[in-house]
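Enquirer: coords below, sequence missing:
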Ligand SMILES: Nc1ncnc2c1ncn2[C@@H]1O[C@H](COP(=O)(O)OP(=O)(O)OP(=O)(O)O)[C@@H](O)[C@H]1O
Ligand SMILES: O=C(O)[C@H](O)COP(=O)(O)O
């Protein structure tokens, strides 16, 4: 308020500081103090701890308040979507670079929070298995490893839990996570056991207490308890009692409010997101919130009752919906056609009829196959069956529709030709059988070509669809391979994913060194996806010379003594991080505003 450095003219400043501190403390006001000298005055008055936030920026905070884009931030690199590292993603849709929910993430937890702690991590380890219980696609396991490895490296004991399939009546060997534990052990080069239960039985408690720092244990299928899908709090409490904190990394199951995704967050603090969950959201939110049009959704597979209701809200976003796989026959039956013994959900026929009317009204094309490859029985375990291709309105009694026919595939290719965004969930047929895999592989090839040649954004989600794309060798050509099938579709619908909503909000990072006390609401929900120093590890930094621009413009008195070192203190964490990773650090800054080159008072 005045030349506060002089005791004669400091009263106005200190009185205002006192008033603001009181407002903050007594009225719950949010107070933000910015600027070298203002901060210095507040520090000197001893009132800093009472303020909500002591910012190292004066003009910068004012320009933010003006709503300006700060050029020093705008010029930084955009964050790459780290899912790319393990998911073969190539292109990043523009909007995904700028929006990100400010959920607390595992990277906000360091060794001090994790060492010696038991961490319950929900992964989506729901991988496809063949009849011999061999894993046919390990994408979801591989994608879960970075977070688990991070936790281990910080000295945590990691309890990974997941569902596998949809067991109906308790434990069944074919739904056991034992093959997953074995596979994860091989991939992580660790001895990873599968506990016999996910609940805190005496045996499981014994296994957990025998764990050492850096160990990983997989809990048995959470869906062996019916309570899991009902979000039973007792089951959640039992699982939570095994651990000190919770990490949700199961993007593929984030659309389910189950005991192991949502319920446990009520019993474990903190509950944070893992790398995979965060990175999938980074990518997909952008792609679906502001899609490059025309946009098509291809919905296939066998989870008819899960996926048909999702299509309704999708009509708002997409221009075309291509129906494939086991979804087709409920649509055909709703059109009054006979479908033989094909997979049908009769309950959903009225839903489908309404959907077709809504699509017509909105001008969204719903594309169904015009010919179908049928078998006289289900080709279980790859068994060869009698085969014929028939028009969609001529499926013989006793036969089952198991794949698209060649005409249907050509029609799909024509429909996709002008699309700039394609989201695919669920195979076009029973692709596990070589007799009924052509429809799926042909569509995969068409999408890969659209991506490569037309620059379309292609997002492939779902355990089996990803498995098909991996098998075809086309994964590297797709824009994004997601570990979520239903979860990606629900994001496309615009739904809030309950597994994400339940996680803790992020505190503002400046708090760590700036004495911040309260977080204004809005700051909890928006965050720019700029690349940050924490995205750089030892591999990027060791031996490198790093130029770091700090704001070391501190107030000095006439003897050139620093009268407030807030900006220096606040710069140290990043410099220390760089040093700890083996970098040589060149820090630069301005100091005051020298007009005529170097002078002694403006070093
Ligand atoms: N016409 C059909 N009749 C019966 N099953 C089919 C048919 N077409 C495809 N399927 C089966 O659908 C299964 C995959 O369906 P699902 O809905 O689980 O897809 P997904 O890609 O795994 O997605 P998500 O991850 O969301 O489950 C495959 O095992 C495949 O054999
Ligand atoms: O495969 C998936 O999409 C996820 O693992 C969720 O499985 P669910 O549809 O059985 O809940």
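Expert: Great, that's in hand. As the structure is a computational prediction, the values presented were derived from the model and not from experiment. Numbering: from 1, shown residues only. Ligands and ions are numbered 1, 2, ... in the order given.

Enquirer: Now for the residue in the stretch 201-350 of the chain positioned nearest to ligand 2: which residues touch it?
Expert: Among all residues of the stretch 201-350 of the chain, residue 252 sits closest to ligand 2, at 4.1 Å; criterion: C-beta to the nearest ligand atom. (Each C-beta comes from the backbone N, C-alpha and C, glycine too.) Taking C-beta atoms under 8 Å, 6 or more residues apart in numbering as the contact definition, residue 252 lies against 124, 126, 140, 463, 483-487.

Enquirer: Now, these that are in strands?
Expert: Under the assignment DSSP state E, the contacts of residue 252 contribute nothing to strands.

Enquirer: Looking at the residues you listed, which is nearest ligand 1?
Expert: Distances from ligand 1 to those, taken by C-beta to the nearest ligand atom, are shortest for residue 485, at 2.2 Å.

Enquirer: wait, doesn't the closest one sit right on residue 461?
Expert: Yes - look at residue 485 against residue 461 with C-beta atoms under 8 Å: they come within range, at 4.7 Å.

Enquirer: any common contacting residues for the two?
Expert: Common contacts of residue 485 and residue 461 (C-beta under 8 Å, 6+ apart): residue 425.

Enquirer: picking that back up, give me the subset of the contacts of residue 252 touching ligand 1.
Expert: The residues of the contacts of residue 252 that also fall near ligand 1, by C-beta under 6 Å from any ligand atom, are 463, 485-486.

Enquirer: on that earlier part again, filter the contacts of residue 252 to the buried ones?
Expert: Buried members of the contacts of residue 252, counted by 16 or more other C-beta atoms under 10 Å: 124, 126, 140, 463, 483-487.

Enquirer: Check the gap between residue 217 and residue 391 for me.
Expert: Using C-beta to C-beta, to the nearest Å, one obtains 54 Å as the distance from residue 217 to residue 391.

Enquirer: Between these two, which has more neighbouring residues?
Expert: More neighbours surround residue 217 than the other of residue 217 and residue 391, with 21 against 14 (other C-beta atoms under 10 Å).

Enquirer: and the strand or helix carrying that one, what other elements does it pack with?
Expert: Element membership for residue 217 (DSSP states H and E) is strand 216-218. Strand 216-218 is packed against strand 157-161, helix 178-188, strand 193-194, with contacts defined by 3 or more C-beta pairs under 8 Å, 6 or more residues apart in numbering; DSSP states H and E.

Enquirer: how about 7 Å then?
Expert: strand 157-161, helix 178-188 (3 or more C-beta pairs under 7 Å, 6 or more residues apart in numbering; DSSP states H and E).

Enquirer: out of these, nearest to ligand 1?
Expert: Ranking the helices and strands packed on strand 216-218 by proximity to ligand 1 (C-beta to the nearest ligand atom) places helix 178-188 first, at 15.4 Å.

Enquirer: For that closest one, what is the distance to the chain centroid?
Expert: Once both centres are worked out by C-alpha atoms, centre = their mean, to the nearest Å, helix 178-188 turns out to sit 23 Å from its chain's centre.

Enquirer: check contacts around residue 222.
Expert: Applying C-beta atoms under 7 Å, 6 or more residues apart in numbering to residue 222 gives the contacts 161-163, 198, 228, 259-260.

Enquirer: 10 Å instead?
Expert: For residue 222, the contacting residues are 122, 161-164, 167, 177, 197-199, 228-229, 235-236, 239, 253, 258-261, 264, by C-beta atoms under 10 Å, 6 or more residues apart in numbering.

Enquirer: Likewise for residue 551?
Expert: The neighbours of residue 551, taking C-beta under 10 Å, 6+ apart as the test, are 36, 56-58, 60, 72, 567-568, 570-571, 589-591.

Enquirer: and what of residue 159?
Expert: Residue 159 touches 118-122, 195, 198, 204, 207-208, 211, 215-219, 239, 242-243, 246, counting by C-beta under 10 Å, 6+ apart.

Enquirer: ok, back up a step: which of the contacts of residue 222 fall in helices?
Expert: Taking DSSP state H as the definition of helices, the contacts of residue 222 contribute 235-236, 239.

Enquirer: And those residues, which is closest to residue 41?
Expert: The shortest approach to residue 41 among the ones in helices among the contacts of residue 222 belongs to residue 236, at 49.9 Å (C-beta to C-beta).

Enquirer: quick one: the closest one and residue 263 touch, right?
Expert: Yes - taking contacts as C-beta atoms under 10 Å, residue 236 lies within contact range of residue 263: 3.0 Å.

Enquirer: what residues are shared contacts of the two?
Expert: Common contacts of residue 236 and residue 263 (C-beta under 10 Å, 6+ apart): 227-228.

Enquirer: on that earlier part again, among the ones next to ligand 1 among the contacts of residue 252, which are in reach of ligand 2?
Expert: 463, 485-486.

Enquirer: Residue 270: how many residues sit nearby?
Expert: Each residue near residue 270 was counted by other C-beta under 10 Å, and the total is 16.

Enquirer: What sits closest to residue 332 if chain neighbours are left out?
Expert: residue 339 (5.3 Å; C-beta to C-beta, 6 or more residues apart in numbering).

Enquirer: Would you mind measuring from residue 37 to residue 44?
Expert: Residue 37 is 10 Å from residue 44, by C-beta to C-beta.

Enquirer: Correction: the previous question concerned residue 250.
Expert: Residue 250 sits 50 Å away from residue 44, taking C-beta to C-beta as the criterion.

Enquirer: And the two? Which one has more around it.
Expert: A direct count of neighbours by other C-beta under 10 Å for residue 250 and residue 44 places residue 250 higher, at 30 against 17.

Enquirer: ok, the closest residue to ligand 1 within the stretch 301-450 of the chain - how many residues close by?
Expert: Distances between the stretch 301-450 of the chain and ligand 1 by C-beta to the nearest ligand atom are smallest at residue 301, namely 2.4 Å. Number of residues near residue 301 (other C-beta under 10 Å) recorded here: 24.
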